[in-house]
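Visitor: Return atomic coordinates for the entry below.
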Amino acid sequence: MENILSYIALHKEIIYFIILSVFVGIEVIGRVPTVLHTPLMSGANAIHGVVIVGAIIVMLDADATNIPALALGFIAVVLGTLNVVGGFVVTDRMLEMFKKKK
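Guide: Have a look, this model is predicted:
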């Protein structure tokens, strides 16, 4: 328990920042109309390519013998790629709905 309290005392600014970010995120998402929620989420998923780049950088910096770090990095790259592709697919399907029929 003493370790937890000392960790909180040393990192209280980061903890405050995370708590504030959660409240701001809830307020921002709560104010988005339902009609705009899906387009915004699909666009945000497509932008998350930064996760892929970060995971690749972490994997490059990891030691070749550190199997857990490499495995987590690989999983992050795969899930990030699925997120980006899914965002593009959903966005494309939504844009197809607004095209004129022949």
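Visitor: Model confidence for Phe74, exactly?
Guide: As predicted, Phe74 sits at a pLDDT of 91.
Visitor: Next one: it relative to Gly87, how far apart?
Guide: In this view, Phe74 and Gly87 are 21 Å apart by C-beta to C-beta, to the nearest Å. (Glycine included, C-beta is placed from N, CA and C.)
Visitor: Look at those two and report which has more neighbours.
Guide: Gly87 (19 against 13; other C-beta atoms under 10 Å).
Visitor: on contacts alone, who are the packing partners of the helix or strand where the more buried one lies?
Guide: For Gly87, the enclosing helix or strand under DSSP states H and E is helix 67-97. Here helix 67-97 touches helix 34-47, helix 49-61, going by 3 or more C-beta pairs under 8 Å, 6 or more residues apart in numbering; DSSP states H and E.
Visitor: Minimum distance to Phe17: which of these has it?
Guide: For Phe17, the closest of the helices and strands packed on helix 67-97 is helix 49-61, at 19.1 Å, according to C-beta to C-beta.
Visitor: Does that closest one pack against any helices or strands, and if so which?
Guide: By 3+ C-beta pairs under 8 Å, 6+ apart, helix 49-61 packs against helix 67-97.
Visitor: quick one: buried residues of the helix it packs on?
Guide: 73, 76-77, 80, 83-84, 87, 90-91 (16 or more other C-beta atoms under 10 Å).
Visitor: Save the helices and strands packed on helix 67-97 as JSON lines, and put in distance to Glu27 too.
Guide: Listed next are the helices and strands packed on helix 67-97 as JSON lines, based on distance: least, C-beta to C-beta, whole Å:
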{"stretch": "helix 34-47", "distance to Glu27": "15"}
{"stretch": "helix 49-61", "distance to Glu27": "23"}
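Visitor: now those helices in a markdown table, with mean neighbour count and mean pLDDT?
Guide: Output for these, formatted as a markdown table (neighbours: other C-beta atoms under 10 Å; pLDDT from 0 to 100):
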| stretch | mean neighbour count | mean pLDDT |
| --- | --- | --- |
| helix 34-47 | 13 | 69 |
| helix 49-61 | 14 | 86 |
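Visitor: out of the ones you listed, nearest to Leu10?
Guide: helix 49-61 (24.1 Å).
Visitor: Nice, that's everything, thank you.
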